[in-house]
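Asker: Just to be clear, the model below is a prediction. Sequence and coordinates:
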Amino acid sequence: MSEDKKNQVSRRQFLNYTLTGVGGFMAAGMLAPMVRFAIDPVLQPEAEGEFVSADIAVEDITTEPQKVTFKVDQVDAWYESTVEKTAFVYKKEDGSIVAFDPTCTHLGCVVGWNTNDDYPQHFYCPCHDGLYTKDGVNVPNTPPTAPLSVYEHKIQNGILYLGKAIPREEA
Ligand code: FES
């Protein structure tokens, strides 16, 4: 067989190459959007540093913890929803503001301020008698093993805005 004949592409090979190429191109065109859709939440930049109004004026915040509710937009993979959150806010003696996430660090129940007559001036968790002092620190020998998380906050036009709840180290 001459060198020329060896390099020639048969009709069958040509068709094979063409169909494989076109088929591959079409498959890639169909698969790309599917892959993109599947991993889309991973590609989205995390919405960081978002603050929402706690709907309370700074001048109305006292030294006594009070419960405020606020709404945040939550994205869970492809599902977007608005959830209501709560916080306990108060002013410390030096005038600085604290906002605690009321989620118990034991198993996630919701704590209340001053709700148990046996433990006045404490955050109390009714699920397993969890206790926290006013500064949100868990009382030793009660179920919670870490202090209450603290919301990031900022003040804008005299209104309190809350951000992410930041967990604190074990006491
Ligand atoms: S969940 Fe709060 S003490 Fe257990």
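Answerer: Sure, I can see it. Numbering: from 1, shown residues only.
Asker: And the protein, what are its domain boundaries?
Answerer: In terms of domains, the chain is parsed into 3-43, 52-166 (source: automatic domain parsing).
Asker: deepest of these, which one?
Answerer: Between these, the one whose residues have the most neighbours on average, counting mean count of other CB atoms under 10 Å, is domain 52-166 (a mean of 16). Quick note: C-beta positions are derived from backbone N, CA and C, even for glycine.
Asker: hey, where'd the strands end up in the chain?
Answerer: 52-57, 66-76, 79-91, 97-100, 112-113, 123-125, 130-132, 150-156, 159-166 (DSSP state E).
Asker: ok, the nearest residue to H122 once chain neighbours are set aside to the ligand distance?
Answerer: Of all residues not flanking H122 in the chain, L131 sits nearest, at 5.4 Å (CB to CB, 6 or more residues apart in numbering). Distance from L131 to the ligand, counting by CB to the nearest ligand atom, to the nearest Å: 8 Å.
Asker: For L131, give its distance to F123.
Answerer: 7 Å (CB to CB, to the nearest Å).
Asker: circling back to that earlier point, tabulate the strands of the chain (TSV), appending distance to P144.
Answerer: Output for those, formatted as TSV (distance: least, CB to CB, whole Å):
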stretch	distance to P144
strand 52-57	24
strand 66-76	19
strand 79-91	15
strand 97-100	12
strand 112-113	14
strand 123-125	7
strand 130-132	4
strand 150-156	15
strand 159-166	15
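Asker: Which one of these has the poorest average confidence?
Answerer: Looking at those, the lowest mean pLDDT belongs to strand 66-76 (a mean of 89).
Asker: Please save the CA atoms from that strand in PDB.
Answerer: The C-alpha trace of strand 66-76 is given here as PDB (Å, rounded to 0.1, in the frame of the first residue of the first chain):
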ATOM      1  CA  GLN A  66     -35.700  42.700  75.600                       C
ATOM      2  CA  LYS A  67     -36.800  40.400  72.800                       C
ATOM      3  CA  VAL A  68     -36.800  41.800  69.300                       C
ATOM      4  CA  THR A  69     -37.900  40.000  66.100                       C
ATOM      5  CA  PHE A  70     -36.500  40.600  62.600                       C
ATOM      6  CA  LYS A  71     -36.800  39.000  59.200                       C
ATOM      7  CA  VAL A  72     -33.900  37.700  57.100                       C
ATOM      8  CA  ASP A  73     -33.900  36.300  53.600                       C
ATOM      9  CA  GLN A  74     -32.500  32.800  53.600                       C
ATOM     10  CA  VAL A  75     -31.100  30.900  50.700                       C
ATOM     11  CA  ASP A  76     -31.000  27.200  51.200                       C
END
